[in-house]
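> Got a predicted structure plus its sequence, pasted below:
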Amino acid sequence: MAVERTLSIIKPDATARNQTGAVNALIEKTGLRIIAQKRVRWSKAQAEKFYEVHKARPFYSDLVGFMTSGPIVVQVLEGENAIQVYRDVMGATDPAKAAPGTIRRELAESIERNSVHGSDSAANAAIEIALNFKPEEIVG
Ligand code: ADP
Ligand code: MG
């Protein structure tokens, strides 16, 4: 296994319900380190670019609207196998199908308002981190 970095986002439904700390507690329990973190609000253009891969999906414009509806917390997580470790603790996209103990099962509201994002591959993690952080903002 290798030490990896992944991009995490705490989505507007979670920041609105004061769940930033609850999400971070579940992240840190896995052993992953939060090596960068900032609270921001995305513009429509930033959200459209981030979710470009979903452009053709029926939920795309709703998703862009949701992700720009309030503050988000963008993070870089680091650790052994970080991409898969974080996907595992996030749980399935639909909170109703997510396993007990996962962030989405314990904290999320719906398939859209599902509290967190995590990169799905090493290539996408690198792209997503570069879109959201300057190198000097990441302190590993
Ligand atoms: P994941 O976040 O688990 O990687 P996807 O990449 O498939 O899931 O989808 C990106 C985001 O789009 C989801 O996290 C969720 O917020 C939203 N989404 C996915 N599927 C749906 C859907 N069927 N209806 C509404 N929103 C959805
Ligand atoms: Mg995804």
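Yep, that arrived. Ligands and ions are numbered 1, 2, ... in the order given.
> CA atoms for contacts and neighbours, from now on please.
OK.
> For this protein, just list every one of the helices.
According to DSSP state H, the chain carries its helices in the segments 12-16, 20-29, 44-50, 60-67, 82-90, 103-107, 122-132.
> and for the third one, what are the contacting residues?
It stands for helix 44-50. In this structure, residues lying in contact with helix 44-50 by Cα atoms under 8 Å, 6 or more residues apart in numbering are Val64, Gly65, Met67, Thr68, Glu128, Leu131.
> and the fifth one, what is it in contact with?
Which is Glu128. Counted by Cα under 8 Å, 6+ apart, Glu128 has contacts Leu7, Phe50, Ser119.
> so the first one bridges to which residues?
Read it as Leu7. Beta-bridge pairing for Leu7 (DSSP bridges): Val76.
> what sits against it?
Val74, Gln75, Val76, Leu77, His117, Gly118, Ser119, Ala125, Glu128, Ile129.
> Not counting its neighbours along the chain, what's nearest Ser119?
The shortest distance from Ser119 to any non-neighbouring residue, by Cα to Cα, 6 or more residues apart in numbering, is to Ala125 (5.1 Å).
> So the one you found sits against Thr6, correct?
Yes: assessed by Cα atoms under 8 Å, Ala125 is found in contact with Thr6 at 5.1 Å.
> So for these two, which residues contact both of them?
Common contact partners of Ala125 and Thr6 (Cα under 8 Å, 6+ apart): Ile83, Ser119.
> Residues of this structure that sit close to ligand 1?
With Cα under 6 Å from any ligand atom as the criterion, the chain comes near ligand 1 at residues Phe59, Leu63, Ala92, Thr93, Ile111, Glu112, Arg113, Asn114, His117.
> again, only this time at 8 Å
Neighbours of ligand 1 within the chain, by Cα under 8 Å from any ligand atom: 51, 54, 58-60, 62-63, 87, 91-94, 111-120.
> Would you mind measuring from Tyr51 to Asp62?
11 Å (Cα to Cα, to the nearest Å).
> out of these two, which sits in the more crowded spot?
A direct count of neighbours by other Cα atoms under 10 Å for Tyr51 and Asp62 places Tyr51 higher, at 15 against 11.
> what residues are up against that one?
Applying Cα under 8 Å, 6+ apart, the residues near Tyr51 are Tyr60, Val64.
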